[in-house]
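Asker: need a structure here:
(4 chains)
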2 protein chains.
Amino acid sequence: MARGKDGQPSGHVNLRTLAEHLELSQTTVSLVLNNSPSAKSIPQETRNRVLEAATRLNYRPNYFARSLRQSRSMSVGVLAPDLSEGYFTSVMSGVVQELTRAHYFYFTACHDWKQEHIEQYPRMLVERAVDGFLLLNTPADQIAVPVPVVAISAHSPVENVTNIILDHHKAVETALIHLYELGHRRIAFMRGPRAIPDSDYRWRSIQQVAGEIGLRIDPSLVIRIDATAWSTKTGQHPMAPEIGYKPMQALLERTRDFTAIFCFNDISAIGAIRALRDSGLCVPQDVSVVGFDDIQSAAYSTPSLTTVRQPLAEMGQRGAQVLLERIAHREAPYPSEIVTAPELVVRESTCPASTRMAN
Amino acid sequence: MARGKDGQPSGHVNLRTLAEHLELSQTTVSLVLNNSPSAKSIPQETRNRVLEAATRLNYRPNYFARSLRQSRSMSVGVLAPDLSEGYFTSVMSGVVQELTRAHYFYFTACHDWKQEHIEQYPRMLVERAVDGFLLLNTPADQIAVPVPVVAISAHSPVENVTNIILDHHKAVETALIHLYELGHRRIAFMRGPRAIPDSDYRWRSIQQVAGEIGLRIDPSLVIRIDATAWSTKTGQHPMAPEIGYKPMQALLERTRDFTAIFCFNDISAIGAIRALRDSGLCVPQDVSVVGFDDIQSAAYSTPSLTTVRQPLAEMGQRGAQVLLERIAHREAPYPSEIVTAPELVVRESTCPASTRMAN
DNA sequence: CGCGCAAGAAAAATCGATATATTCCGAGAT
DNA sequence: ATCTCGGAATATATCGATTTTTCTTGCGCG
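Answerer: Reported below is the predicted structural model:
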């Protein structure tokens, strides 16, 4: 059955080669391989011949030619501040799972909070014809692209963007009630850097919840992570515990009249703990510390962190799902917001407030 | 000067549109825009007209069409075990720097040490026509691709692969001499998982250096990170401190007759410290701990880690440089190995050996 | 007997750029 | 007067798939 000129896998097999080998037209071969509906009329025997030859000659359709024709790339762009531990890694574990399932790959671009990059990378990726964008922890308002966008942990009610967010009210509530029930009344707060979308949103939730449970927020106990600290320094890891160390240290120089602190995230909480330790205070005996995110090292730092777990992997997964869905059905309606639920993880860094320095 | 049918940016501008608008041929326009050498003869005035129109109409060459013709994608594939903290993140910071400079993007693929993925992803990425591969901490021997490969921290003297490696002899030497000079004689060793290329290589260096400085390695003090522990568990972060916790705990159940341990990396060292703490031992007073890599959290864990710093960002940068160079000059000779220098970072997790339990 | 129809396949157009070959024209050489 | 050469550009082939259109051929049926 095998024709004469067999066994010459010379060079690369493309559709033409394959068709010639089969003594069929490219059209027929293409229709069969794509299992196209307009190939109904092709008899099974021919199909089998085609499929068999394709696998035997190890035919691989050319990605560019195919994409050029279909104008889709089977890849998405991921825009994130950095490749930091915890946030990026956790979210991406969920994202990758979905993308892989759909035979999608992704380009990563880190903007390091530089305005030019935030503008430039989306454009460059659009030129690479990504089918959609996934924004991690990055404001979506400035990003205007002709493809679907899903923003994880942004809060931008923007056309074309689906926001995957945490229920911040609940998150803050569970953390503050935990501290309140442990007897803490003088609680310090470490706000996130201005650039991060969650920062303000979280802070508003804190103010709201504090009001609801009757907790007074002393403005002098509110500190803030300095965004510029790491954006300027080169070669430095963008989101290191250092960012929590500095402001904690500054607070301690002013006052020690507080029994707990609620940090913006786990990384900064780890830095804060170190600052507390360095100034002779014990965690949690003197000061209870609550983090946010529940990254891997939260469980393994000393003391292990009580923290509000964000279901980051799940958020990534849901985000990717929605994005792929939107890519597949460009005209269909889509959710503008998906809310996920937090969970308090109690570990070693919190304990009942000592009365020693209570007001 | 503007022709009649102006001001219709209808649809997308491609080369044909642009050429028609300029009343020139596509060829001419293309030659000018690419500043091709065979366009020497085109007068400056024409060039200016073309360039001006291109910017004004915001012409963007189609990525697929261009890539199809030139058969190169301006992107590389990065193959790594996972998106773990520390290793991946650090290496990539160097990689990204170089790639960005050259207008390259990258696809990331995590194989999670699954054999099928290690075989599959390179193929899939080749189909996406990546111009080259960067392997992180992944053996290169099984990867057969028709494009240049640079392996970071692999040790595969394989055709087509450039290895970027650490001077392990020196790395081990500096660590062991540090411990030796602190008076440690009974030193435990935590070997890396079998899958990681560095593991065996490092171990051989340890044996060699131990011989050179006259240190006896007690086989009963040698433990090993269990590779299968995390490859099977789903949803678990692949390289968590847990991997160091378990074997340390197992060792402690057998014996406490050692004053120091040299861990495979910082992550496992952090886990080991926790196991030591949990069994009532103090670090470094009872047991000194040395890590490897110097990841970010090494400095911020408690106690901060004494560790051998790998210049990971630099390795990534050099790797990317070489890869881009090899892509640009496919036929030129290339280095098969580039060795980088380690550096010992002494922090809190090591101190002089107590004589309490010396042999 | 010829018409319409469908099965089965092929030819040709298309996607948008780049590479190669070709034309046209006028100046200078033979 | 012919030939060559180079400037200034154009026409055409090519990359490799997908999509649309077109062409046979056999067969049932009026």
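Asker: Poorly predicted segments of chain A, please.
Answerer: Chain A contains residues with pLDDT under 70 at A:1-10, A:227-239, A:355-359.
Asker: DNA strand D contacts on that one?
Answerer: Contacts of chain A with DNA strand D, taken as C-beta under 7 Å from any atom of the strand, map to A:12, A:14-16, A:26-27, A:30-31, A:33-34, A:36, A:38, A:59-62, A:65-66, A:68-70. C-beta here means a position set from N, CA and C on the backbone, and glycine is covered the same way.
Asker: try 10 Å this time
Answerer: A:11-19, A:25-34, A:36-39, A:59-72 (C-beta under 10 Å from any atom of the strand).
Asker: Among those, name the ones in helices.
Answerer: Using DSSP state H, the subset of these located in helices is A:15-19, A:26-33, A:63-70.
Asker: Return the backbone torsion pair for A:F292.
Answerer: phi -150, psi 140 (degrees, to the nearest 10).
Asker: just to revisit the earlier point, show me the subset of the ones in helices among the residues of chain A next to DNA strand D that also lies near DNA strand C.
Answerer: A:15, A:19, A:26-32, A:64-70.
Asker: List buried members of the residues you listed by neighbour count.
Answerer: Buried members of these, scored by 16 or more other C-beta atoms under 10 Å in any protein chain shown, are A:15, A:19, A:28-32, A:64, A:66-68.
Asker: Among those, which one sits closest to B:A210?
Answerer: A:F64 (53.8 Å; C-beta to C-beta).
Asker: right, is stretch A:110-119 up against chain B?
Answerer: Yes. Contact between stretch A:110-119 and chain B, assessed by C-beta under 8 Å from any C-beta of the partner chain, occurs at A:C110.
Asker: how close does A:V149 sit to A:N163?
Answerer: From A:V149 across to A:N163, the span is 10 Å (C-beta to C-beta, to the nearest Å).
Asker: whoops, A:G94 was the one
Answerer: Counting by C-beta to C-beta, the gap from A:G94 to A:N163 is 16 Å.
Asker: Also A:T259?
Answerer: A:T259 is 35 Å from A:N163, where distance means C-beta to C-beta.
Asker: who has more neighbours, these two?
Answerer: Between A:T259 and A:N163, counting by other C-beta atoms under 10 Å in any protein chain shown, A:T259 is the more crowded of the two (27 against 23).
Asker: could you measure that one against A:R185, distance?
Answerer: According to C-beta to C-beta, A:T259 stands 7 Å off from A:R185.
Asker: all helices for the stretch 251-359 of chain A, in order.
Answerer: With helices called from DSSP state H, counting those that start in this stretch, the stretch 251-359 of chain A shows them at A:266-278, A:296-300, A:312-328.
Asker: out of those, nearest to chain B?
Answerer: The minimum distance between chain B and these falls on helix A:296-300, with 4.0 Å, by C-beta to the nearest C-beta.
Asker: For that closest one, enumerate the helices and strands it packs against.
Answerer: helix A:266-278, helix B:266-278 (3 or more C-beta pairs under 8 Å, 6 or more residues apart in numbering or on different chains; DSSP states H and E).
Asker: Could you point out which of the buried ones among the ones next to DNA strand C among the ones in helices among the residues of chain A next to DNA strand D is nearest to A:L51?
Answerer: Once C-beta to C-beta is applied, the member of these that ends up nearest A:L51 is A:V32, at 6.8 Å.
Asker: Identify the residues contacting the closest one.
Answerer: Residues counted as contacts of A:V32 (C-beta atoms under 8 Å, 6 or more residues apart in numbering or on different chains) are A:39, A:42, A:46-47, A:50-51.
Asker: can you tell me which residues contact the nearest residue to it once chain neighbours are set aside?
Answerer: Among residues not flanking A:V32 along the chain, A:V50 sits closest, at 4.3 Å (C-beta to C-beta, 6 or more residues apart in numbering or on different chains). Contacts here follow C-beta under 8 Å, 6+ apart; on that basis A:V50 touches A:22, A:24, A:28-29, A:32-33.
Asker: So A:V50, which state does it fall into?
Answerer: At A:V50 the chain is in helix, as set by DSSP: H, G, I helix; E, B strand; the rest coil.
Asker: how near is it to DNA strand C?
Answerer: 9 Å (C-beta to the nearest atom of the strand, to the nearest Å).
Asker: for A:H168, same thing?
Answerer: Distance of A:H168 to DNA strand C, given as C-beta to the nearest atom of the strand: 44 Å.
Asker: just checking, that residue touches A:Q207?
Answerer: No. Between A:H168 and A:Q207 there is no contact under C-beta atoms under 8 Å: 11.4 Å.
Asker: which of these two has more neighbours?
Answerer: A:H168 (23 against 14).
Asker: And that one, how close does it get to chain B?
Answerer: Applying C-beta to the nearest C-beta, to the nearest Å, the value for A:H168 to chain B is 24 Å.
Asker: Where do the strands of the stretch 51-200 of chain A begin and end?
Answerer: Using DSSP state E, counting those that start in this stretch, the strands found in the stretch 51-200 of chain A span residues A:75-80, A:105-110, A:133-136, A:149-152, A:161-166, A:187-191.
Asker: what inclination does the second one have with respect to strand B:105-110?
Answerer: Between strand A:105-110 and strand B:105-110, the angle comes out at 110 degrees (axes from the mean of the first three to the mean of the last three C-alpha atoms, to 10 degrees).
Asker: Please name every helix or strand in contact with strand A:105-110.
Answerer: strand A:75-80, helix A:87-101, helix A:115-127, strand B:105-110.
Asker: Mean neighbour count, the ones you listed: which tops it?
Answerer: Mean neighbour count, computed with mean count of other C-beta atoms under 10 Å in any protein chain shown, is highest for strand A:75-80 among those, reaching a mean of 24.
Asker: for that one, packing partners?
Answerer: helix A:87-101, strand A:105-110, helix A:115-127, strand A:133-136.
Asker: contacting residues around the shortest one?
Answerer: Outside strand A:133-136, the residues that touch it by C-beta under 8 Å, 6+ apart are A:76-81, A:87-88, A:91-92, A:95, A:106, A:122, A:125, A:143, A:145, A:147-154, A:161, A:319-320, A:323.
Asker: quick check, A:P247 in a strand?
Answerer: No. Judged by three-state DSSP, A:P247 forms no part of a strand; its state is helix.
Asker: From chain B, how far off is the residue nearest to A:V32?
Answerer: On the measure of C-beta to the nearest C-beta, A:V50 and chain B end up 19 Å apart.
Asker: re earlier: using JSON lines, lay out the helices of the stretch 251-359 of chain A together with mean neighbour count.
Answerer: Formatted as JSON lines, the helices of the stretch 251-359 of chain A follow (neighbours: other C-beta atoms under 10 Å in any protein chain shown):
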{"stretch": "helix A:266-278", "mean neighbour count": "25"}
{"stretch": "helix A:296-300", "mean neighbour count": "22"}
{"stretch": "helix A:312-328", "mean neighbour count": "21"}
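Asker: so which of those helices comes closest to DNA strand C?
Answerer: For the helices of the stretch 251-359 of chain A, the distance to DNA strand C is smallest for helix A:312-328, at 18.7 Å, taking C-beta to the nearest atom of the strand.
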